[in-house]
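> Predicted coordinates and the sequence they were generated for:
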Amino acid sequence: MTVSIILILLGLLILIGFISTYNGLISCKNNVKNAWAQIDTQLKRRYDLIPNLIECAKGYMEYEKNTLLNIVNARSLAMKQTDNIKEKAEAENQLTSTIKSLFALSENYPELKASENFLQLQEELTSTENKISYARIAYNDAVMFYQNKKEQFPTNIIATIFNFKDMEFFEANENEKEVVKVKF
């Protein structure tokens, strides 16, 4: 009788450990989804600000139609990319690059630089870009924690049994990794 009680208690401990490990994986997976939703929220804010920025700049930058068109096209592409994290990151990096080119060109237009609306939109976009950066960091941290948990023993056994998939990091494209060269 004592042996059967020990076996039952051992079975219960294994079951509790199994359930706890499975629930831990689910929590990590949901943290990754939440972190991605935070990025998505900030991206939506940026998408909403861009048309206002373009409208504001359009009146001042008569000769920069290509730049404005590039921003519109990059925004459209970024808004379409939703399933593949790598493609989404590339589209977002392209959009960031085109917005930076608009801000650089604005230096050639003193009236635009002095426009209260443009300055306010520029500040809001800069703030949003910072929030996106922090959200990307939080997302990548959540992915790293999930991946670590999923790959460590004994959690990896349960992750394999229930087919927990790898998550992708949100990475900078090759252009953003290059060191900026400054010449005087």
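Structure's in. What do you need?

> what packs against the helix or strand in which G11 is found?
Per DSSP states H and E, G11 falls inside helix 2-58. Helix 2-58 sits against helix 65-80, helix 85-106, helix 116-151, helix 155-161, with contacts defined as 3 or more C-beta pairs under 8 Å, 6 or more residues apart in numbering; DSSP states H and E. Placement of C-beta: from N, CA and C, glycine included.

> from the middle of its chain, how far away would it be?
15 Å (C-alpha atoms, centre = their mean, to the nearest Å).

> Packed most tightly, which of the helices and strands packed on helix 2-58 would that be?
Across the helices and strands packed on helix 2-58, averaging neighbours per residue (mean count of other C-beta atoms under 10 Å) puts helix 85-106 on top, at a mean of 18.

> Could the C-alpha coordinates of it be exported in CSV?
Output in CSV follows, covering the C-alpha atoms of helix 85-106 (Å, rounded to 0.1, in the frame of the first residue of the first chain):
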residue,chain,number,x,y,z
ILE,A,85,8.4,39.3,-39.0
LYS,A,86,11.5,39.6,-41.3
GLU,A,87,9.5,41.2,-44.2
LYS,A,88,7.7,43.5,-41.7
ALA,A,89,11.0,44.6,-40.3
GLU,A,90,12.5,45.3,-43.7
ALA,A,91,9.4,47.3,-44.8
GLU,A,92,9.5,49.3,-41.5
ASN,A,93,13.2,50.0,-41.9
GLN,A,94,12.5,51.3,-45.4
LEU,A,95,9.8,53.5,-44.1
THR,A,96,12.0,54.9,-41.4
SER,A,97,14.7,55.6,-44.0
THR,A,98,12.3,57.5,-46.3
ILE,A,99,11.0,59.6,-43.4
LYS,A,100,14.6,60.5,-42.4
SER,A,101,15.2,61.6,-46.0
LEU,A,102,12.3,63.9,-45.7
PHE,A,103,13.6,65.5,-42.5
ALA,A,104,17.0,65.9,-44.1
LEU,A,105,15.5,67.6,-47.2
SER,A,106,13.5,69.9,-44.9
